[in-house]
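Novice: need a structure here:
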Amino acid sequence: MTDDELKRLNKILRQKNTSETVANRIRILKDMDANHPPVKTYKQCASDHGISEPTITNVVKKFVNEGLDATIKLKRSVNSDNAQRKVDGRVEAKLLEVACGPVPKGHSRWTLRLLEAQMKIILDEPISREAIRRTLKKTT
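Specialist: Residues are numbered from 1 along each chain as shown. As a prediction, this is how the structure comes out:
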C-alpha cells in the first residue's frame, strides 16, 4: 500500500460517520500492510480487533483482486429492506384513508387485523400487520 493510500485510510477511519464494517476493513488493511511495519499475522489481527480469520482473508483477497476502493465500499444487497418496501406513499395514503374512514359494522374501532383484511381486498396483495402498525405509528 502506498503512503497516499495509508493517509486516505487514516482520514476515513477518523471520520465519525464511518461504519464499523468499513473501519474493521481499514484496520485489517493497515495491519496486513507489508510496506508499513509492524506487520501482524492473521491470528494477531483477529485477536486484536475481534474479527474472524476468514473475514481477514476475504478483505485481503478483495484488496489484492479489486483494489482499495472496492474493499472499503459497502455493497447494499438488492434484497435489503429498503429495496423491498411494500408500503410506499401510495399504499400509505390508502391505508390512512381506510383507517380514518368509517368503522365496519359490528366493530367499535379499526384493529390491525381488520385493517390487514381490508387492505388485502383493496390492494390485491397482503400487507403484514407489522407493516401496517409501523405506518400508523409513523403518522400521528
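
Novice: how's the protein carved up into domains?
Specialist: 3-72, 89-138 (automatic domain parsing).

Novice: Could you dump those into JSON lines and include mean pLDDT?
Specialist: Below are those laid out as JSON lines (pLDDT from 0 to 100):
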{"stretch": "domain 3-72", "mean pLDDT": "92"}
{"stretch": "domain 89-138", "mean pLDDT": "90"}
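
Novice: Save the ones you listed as TSV, and put in mean neighbour count too.
Specialist: C-betas here are computed from N, CA, C, even on glycine. Shown next, in TSV, are those (neighbours: other Cβ atoms under 10 Å):
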stretch	mean neighbour count
domain 3-72	14
domain 89-138	13
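
Novice: Quick one: residues contacting Thr2.
Specialist: Shown in contact with Thr2 (Cβ atoms under 8 Å, 6 or more residues apart in numbering): Asn35.

Novice: And it, what's its pLDDT?
Specialist: You'll see Thr2 listed with a pLDDT of 89.

Novice: separation between it and Asn65?
Specialist: Look at Thr2 and Asn65: by Cβ to Cβ, to the nearest Å, they are 18 Å apart.

Novice: How about Ile132?
Specialist: Computed as Cβ to Cβ, the Ile132 to Asn65 distance reads 45 Å.

Novice: cool, Ile26 as well?
Specialist: 18 Å.
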